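J.: What follows is a predicted structure for the sequence shown.
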Amino acid sequence: MSRKRVAILISGRGSNMTALVEAARAPDYPAEIVLVASNRPDAAGLASARAAGIATETVDHARHGKDRESFERALDAALAAHRVDLVCLAGFMRLLTPWFVRRWEARILNIHPALLPAFKGTDTHARALAAGVKIHGATVHVVVPEMDSGPIIAQAAVAVREDDTPASLAERVLAAEHRIYPLALKLFAEGRVRLVEGRCVIADAAAPDATLLVPQ
Ligand code: GRF
């Protein structure tokens, strides 16, 4: 089995990155993490990646001013230098331009802390509580130019409690994220995810293994 070479893009603490790195340690995992790149030099996750023995790169968006394409060309060069096959966004807080997304078409995954298509964007947990939803969760999807859209690979659901705060809900959703992202990357890297008319069809998913209801 040839393992897919994966880069993880982060902007902050990188707990999802760590979950992917740990999953990829298993010898039968179909992907290896060859690079962790950040657009912020102070991202805490860079130190965790180095401690785990993963190559890191910083492509500081601030050095590119408002020129998104020049930032993305630098990022693209870093990915090429590490012969990356797939890109996982994990708390990467930069919008990618259509140029970059098309260049990496069907090769970028993202994790979003809500059950898409509900609650795109930021502050998802506070907005979920304000809306009074009873089930919340996380989604891993293929990246398309439109933000927080794109074919859904896997979702994890978390029950909302009456006394939840955005922080308490975020904590349980994050634990679900750490389970579902390695699962989604595994399905994708194994070639079990087929894109059909804007949806993901998962091969051999007799048991719905792309769905995770996290017990409370
Ligand atoms: C996660 O909740 C992720 O879903 C969102 O940003 C957060 C990043 O957390 N996009 P971490 O950096 O992976 O710890």
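T.: Perfect, thanks for sending it. Nothing here was measured: the structure is a model prediction, and the numbers come from that model.
J.: Stretch 73-92 - what's its average pLDDT?
T.: The average pLDDT for stretch 73-92 rounds to 98.
J.: Residues in contact with it: which ones?
T.: 4-17, 20, 31, 34-35, 37, 39, 45, 55, 57, 59, 64, 100, 103-104, 107-111, 143, 181, 185, 188-189 (Cβ atoms under 8 Å, 6 or more residues apart in numbering). Quick note: C-beta positions are derived from backbone N, CA and C, even for glycine.
J.: Listing partners with orientation, what would you give for the strand or helix carrying Gly137?
T.: Using DSSP states H and E, Gly137 maps to strand 135-142. Partner strands and pairing direction for strand 135-142 (DSSP bridges) are strand 108-112 (antiparallel), strand 152-159 (antiparallel).
J.: if we can go back for a sec, now, the contacts of stretch 73-92 that are in helices?
T.: Ser15, Asn16, Met17, Leu20, Gly45, Phe100, Arg103, Tyr181, Leu185, Phe188, Ala189 (DSSP state H).
J.: hmm, which of those are the buried ones?
T.: Ser15, Asn16, Met17, Leu20, Gly45, Phe100, Tyr181, Leu185, Phe188, Ala189 (16 or more other Cβ atoms under 10 Å).
J.: Which pair in those has the greatest spatial separation?
T.: Greatest spacing in those, by Cβ to Cβ: Ser15 and Phe100 (24.5 Å).
J.: on that earlier part again, buried ones in the strand holding Gly137?
T.: Here strand 135-142 shows His136, Gly137, Ala138, Thr139, Val140, His141, Val142 as buried, counting by 16+ other Cβ under 10 Å.
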